[in-house]
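Trainee: just to be clear, the model below is a prediction. Sequence and coordinates:
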Amino acid sequence: MRIALSHPILIISRIIIREMGTGMEKIKDLERIANQILNCKKCELWKNRKNAVPGEGNPDAEIMFIGEAPGYNEDVQGRPFVGAAGKLLTTLIRDKLGLDRKEVFITNVVKCRPPNNRDPKPEEINACSQYLDEQIRIIRPKIIVALGRHSTLYLLGKMGIKVGGISHVRGKMFRGVINDVNLIIIPTYHPAAALYNPKLRSVLEQDFEFVRKVFENIKKGAEILERKQISLDAFFT
Ligand code: URA
Ligand code: SF4
């Protein structure tokens, strides 16, 4: 039995239109969240900020990097990871993953700078994390790299995983669902930690190599699925 299919050109153009549609929707949704963040006063941190830092990158990013909170330079520029720790992160993304930072999405759990770079308080994380949740829901990454303790505790906590310390979970992968998105979390040290303690630099590099391997395996899996799909299509035409 033959099943009638539309002309391939029609199928392809429908896919392109649908993809463009999603792309535009995603950009609009991310802009809406960014505007909410720029005007947000849900916790005390708005009082001292020069600029809130919503995050930046590819709306269709397959990998998201999530840090703790903006520091001095991020607060001045309104952009994530643009200081010394950012320079290291950007280098690791390029050298270990072969990606430009524009191809991934980079943000933080807390979007305004805590005074003197102190740790964010639980109530600040509580107030702000709604924005991160929405960003994850919109972008739908395949992998989230959790940078440092706060990001790791928050994200693994959402999967119901209790973490003793970052050294117990770093360089491992946790598969689960966060905000309706099926994804893998890979915790590692915060790049700033490697600046203070150079011994951590090689651990961070090792963890980024692990991220690359996991990402390559995900891609391979998707390719196999796609090939199966193509042979099924050929069977029906
Ligand atoms: N540290 C972070 O956690 N986030 C930034 O954006 C910069 C430094
Ligand atoms: Fe709002 Fe988050 Fe800034 Fe607090 S840190 S004011 S919750 S955007």
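Mentor: Cool, got the structure. Ligands and ions are numbered 1, 2, ... in the order given.

Trainee: please name the bridge partners of residue 106.
Mentor: According to DSSP bridges, the residues that bridge with residue 106 are residue 56, residue 65.

Trainee: which ones are touching it?
Mentor: When contacts are counted by CB atoms under 8 Å, 6 or more residues apart in numbering, residue 106 is found next to 55, 56, 57, 64, 65, 67, 80, 81, 89. Any C-beta I mention is one placed from the backbone N, CA and C, and that applies to glycine too.

Trainee: rerun that using 6 Å as the cut-off
Mentor: 57, 65, 80, 81 (CB atoms under 6 Å, 6 or more residues apart in numbering).

Trainee: ranges for the helices of the chain?
Mentor: Taking DSSP state H as the test, the helices found in the chain are 8-38, 72-77, 84-97, 122-139, 149-158, 166-169, 191-196, 199-236.

Trainee: as CSV, the ones you listed with mean pLDDT and mean neighbour count would be great.
Mentor: Output for those, formatted as CSV (pLDDT from 0 to 100; neighbours: other CB atoms under 10 Å):
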stretch, mean pLDDT, mean neighbour count
helix 8-38, 72, 13
helix 72-77, 98, 17
helix 84-97, 98, 18
helix 122-139, 98, 19
helix 149-158, 97, 22
helix 166-169, 96, 16
helix 191-196, 96, 18
helix 199-236, 88, 13
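
Trainee: could you redo those helices as JSON lines and give each row distance to residue 45?
Mentor: Formatted as JSON lines, the helices of the chain follow (distance: least, CB to CB, whole Å):
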{"stretch": "helix 8-38", "distance to residue 45": "11"}
{"stretch": "helix 72-77", "distance to residue 45": "10"}
{"stretch": "helix 84-97", "distance to residue 45": "19"}
{"stretch": "helix 122-139", "distance to residue 45": "6"}
{"stretch": "helix 149-158", "distance to residue 45": "14"}
{"stretch": "helix 166-169", "distance to residue 45": "23"}
{"stretch": "helix 191-196", "distance to residue 45": "19"}
{"stretch": "helix 199-236", "distance to residue 45": "27"}
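
Trainee: residue in this structure nearest to ligand 1?
Mentor: residue 67 (2.9 Å; CB to the nearest ligand atom).

Trainee: ok, that residue to residue 181 distance?
Mentor: Plainly put, residue 67 is 19 Å away from residue 181 if you go by CB to CB, to the nearest Å.

Trainee: between these two, which one's more packed in?
Mentor: Set residue 67 next to residue 181 and count neighbours by other CB atoms under 10 Å: residue 67 wins out with 28 against 16.

Trainee: what residue lies at the spatial centre of the chain?
Mentor: Nearest to the mean C-alpha position of the chain, counting by CA atoms, centre = their mean, stands residue 64 at 1.7 Å.
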